[in-house]
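Engineer: Sequence first, then the predicted structure:
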Amino acid sequence: GRIHATLAQAPAPLGAGRSNGIPVRMRIMARMGWRCPMGPPIAAAMKHAQRICTSSRAAGQGLWEEGRAQGHLPVLLSEVVEAFEGRTLRVFVDATLGNGGHADSILKSHPEIELYIGMDDDPSALELSKERLRPFAAKTKFVHGNFRNYEAIVGRALDQHLPPGGGGVDGILADLGMSSMQVDSDARGFSFMRTGPLDMRMNPGASLSAWNVVNEYSEHDIGTILKDFGEERHWKRLARAIVLARADGPIETTTELAQVVARNSPGRKKRNPTKGTKGIHPATRAFQAIRIAVNGELEAIDKGLPAMVKSLRSGGRMAVVSFHSLEDRRVKHTFQKSAGIKSAQGTVTKLERYSGIRASPSGQP
């Protein structure tokens with residue numbers, strides 16, 4: 001995973017700082033164990049970035065052990081907590097609550113929080129988080145829903161729990177993609193390493209499952225999903241193989257699908273048959289693509305992230321943890337658009353492109 005934003009997002013009314021959008025002090029992408037390079041073009045932003053990127057493993061060890069003891073390790077936990085360090089958070093929104101690992105640490109680090117809104121598409125995750133966050137029951141609001149409906153969900157919560165004109169949101173966290181709890185459950189059908197039904201629904205109540213995609217979609221539609229959502233080079237070949245395999249009967253399990261993909265991945269005889277390019281399993285991209293299609297994950301990002309930025313009060317901060325490049329690009333685009341930065345405006349240096357960090361338009365960190 002990558003904390004694609006310890007996003008120091010400082011919105012202000014239109015016309016303040018930039019006439020056409022919300023000023024962004026900086027945006028930071030840091031990888032676990034990776035030191036940010038330093039350079040004169042963005043030295044001011046880098047000073048803050050280096051603090052995030054090289055945050056002490058010893059300082060985060062307690063958080064890590066606590067998360068592991070709960071049966072699920074939140075991604076980049078110490079980095080997420082540090083992203084909101086020194087901020088006064090009255091209203092916080094966790095757009096992907098999971099089992100409450102990030103929420104527990106944030107609530108403990110910020111006793112000033114009056115309202116913590118946690119939403120998740122997975123009802124079983126919500127039940128776990130309710131139990132885990134029981135000590136904070138007076139200030140937590142749990143919502144079963146997807147952050148694609150962020151504006152409506154948060155709007156209702158604010159109307160119910162804050163006085164009229166109570167203001168916006170001080171902090172937002174979104175940890176994109178699936179959780180390890182979902183991967184570890186055979187019955188959820190997310191993993192090609194475990195035998196389970198072809199499901200992959202984050203919301204078990206949703207009508208579309210991976211079974212429907214694999215067994216009912218046309219060869220063209222399956223190929224498009226593999227290409228667009230999995231960035232699979234051999235999408236045509238694999239789509240054809242899936243259609244041919246299901247002609248003998250429906251593909252019912254995760255391992256059946258993984259075997260079809262592995263058998264038809266070019267060059268598998270030259271490699272370990274269970275490993276693909278760069279050491280990943282040949283079914284990795286196919287499973288990612290189908291999961292994204294089943295849950296509408298990219299559409300949710302495209303709709304939800306702009307609403308999150310819009311809801312931030314002046315001086316608010318937002319952090320987004322992404323895993324793969326499809327998520328990564330959308331987050332960057334949302335931040336740039338919200339800041340009024342057009343793609344053709346200015347030149348991005350090699351250092352900025354490599355590090356994922358740009359100085360603010362005003363030159364201030």
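Structural biologist: Yes, it's here. Residues are numbered from 1 along each chain as shown.
Engineer: show me what contacts Lys310?
Structural biologist: Going by CB atoms under 8 Å, 6 or more residues apart in numbering, Lys310 touches Glu151. Every residue, glycine included, has its C-beta placed from N, CA and C.
Engineer: Buried residues of the helix or strand harbouring it, list them for me.
Structural biologist: In this structure, Lys310 sits in helix 297-311 according to DSSP states H and E. For helix 297-311, a neighbour-count test (16 or more other CB atoms under 10 Å) marks Glu297, Leu298, Ala300, Ile301, Lys303, Gly304, Leu305, Pro306, Ala307, Met308, Val309, Ser311 as buried.
Engineer: Tell me the strands beside the next helix or strand after that helix, with direction?
Structural biologist: Later in the chain than helix 297-311, the nearest helix or strand by DSSP H and E is strand 312-322. Strand 312-322 has its sheet partners listed here by DSSP bridges as strand 2-7 (antiparallel), strand 169-175 (parallel).
Engineer: and the angle for strand 312-322 with helix 297-311?
Structural biologist: 150 degrees (axes from the mean of the first three to the mean of the last three CA atoms, to 10 degrees).
Engineer: what sits against the nearest residue to His110 once chain neighbours are set aside?
Structural biologist: Nearest non-adjacent residue to His110, counting by CB to CB, 6 or more residues apart in numbering: Leu89, 4.7 Å away. Contacts for Leu89 were tallied using CB under 8 Å, 6+ apart; they are Ile106, His110, Glu112, Ile113, Asp170, Gly171.
Engineer: Relative to Asp121, which of the buried residues of helix 297-311 is nearest.
Structural biologist: Taking CB to CB as the measure, Asp121 lies nearest Ala300 of those, at 8.7 Å.
Engineer: which residues touch Leu208?
Structural biologist: Neighbouring residues of Leu208 by CB under 8 Å, 6+ apart: Arg201, Val294.
Engineer: where's it relative to Arg291, distance?
Structural biologist: Separation of Leu208 from Arg291 (CB to CB, to the nearest Å) stands at 11 Å.
Engineer: Average pLDDT for stretch 186-199, rounded please.
Structural biologist: For stretch 186-199, mean pLDDT is 92.
Engineer: So for it, first residue to last residue, what's the gap.
Structural biologist: This stretch, stretch 186-199, spans 10 Å end to end (CA to CA, to the nearest Å).
Engineer: Give me the buried stretch members for that stretch, please.
Structural biologist: Arg188, Gly189, Phe190, Ser191, Phe192, Arg194, Gly196, Leu198, Asp199.
Engineer: And these, which is closest to Ala258?
Structural biologist: Nearest member of the buried residues of stretch 186-199 to Ala258, counting by CB to CB, is Phe192, at 3.8 Å.
Engineer: And the closest one, how far from Glu85?
Structural biologist: For Phe192, the distance to Glu85 - CB to CB - is 38 Å.
Engineer: pLDDT weak spots in this structure?
Structural biologist: Within the chain, the set of residues satisfying pLDDT under 70 comprises 1-73, 164-166, 267-279, 342-365.
Engineer: how about 50 then?
Structural biologist: 1-71, 269-271, 273, 275-277, 344-355, 358-365 (pLDDT under 50).
Engineer: Now render the contacts of Leu89 as CSV, adding neighbour count and distance to Val75.
Structural biologist: Formatted as CSV, the contacts of Leu89 follow (neighbours: other CB atoms under 10 Å; distance: CB to CB, whole Å):
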residue, neighbour count, distance to Val75
Ile106, 24, 14
His110, 19, 19
Glu112, 9, 25
Ile113, 21, 21
Asp170, 25, 22
Gly171, 25, 17
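Engineer: Let's have the residues you listed in TSV, adding distance to Lys236.
Structural biologist: Converted to TSV, these look like this (distance: CB to CB, whole Å):
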residue	distance to Lys236
Ile106	45
His110	50
Glu112	55
Ile113	51
Asp170	48
Gly171	45
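Engineer: what's the spacing between Asp302 and Asn99?
Structural biologist: 26 Å.
Engineer: Just the CA atoms of the helix holding Lys310, as CSV, please.
Structural biologist: Output of helix 297-311 as CSV, limited to C-alpha atoms (Å, rounded to 0.1, in the frame of the first residue of the first chain):
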residue,chain,number,x,y,z
GLU,A,297,-14.6,0.7,-7.0
LEU,A,298,-13.2,3.2,-9.5
GLU,A,299,-16.6,4.8,-10.0
ALA,A,300,-16.9,5.2,-6.2
ILE,A,301,-13.5,7.0,-6.2
ASP,A,302,-14.5,9.3,-9.0
LYS,A,303,-17.7,10.2,-7.3
GLY,A,304,-16.7,10.1,-3.6
LEU,A,305,-13.3,11.8,-3.5
PRO,A,306,-14.5,15.2,-4.9
ALA,A,307,-17.3,15.2,-2.4
MET,A,308,-14.8,14.6,0.4
VAL,A,309,-12.7,17.5,-0.6
LYS,A,310,-15.8,19.7,-0.9
SER,A,311,-16.8,18.8,2.6
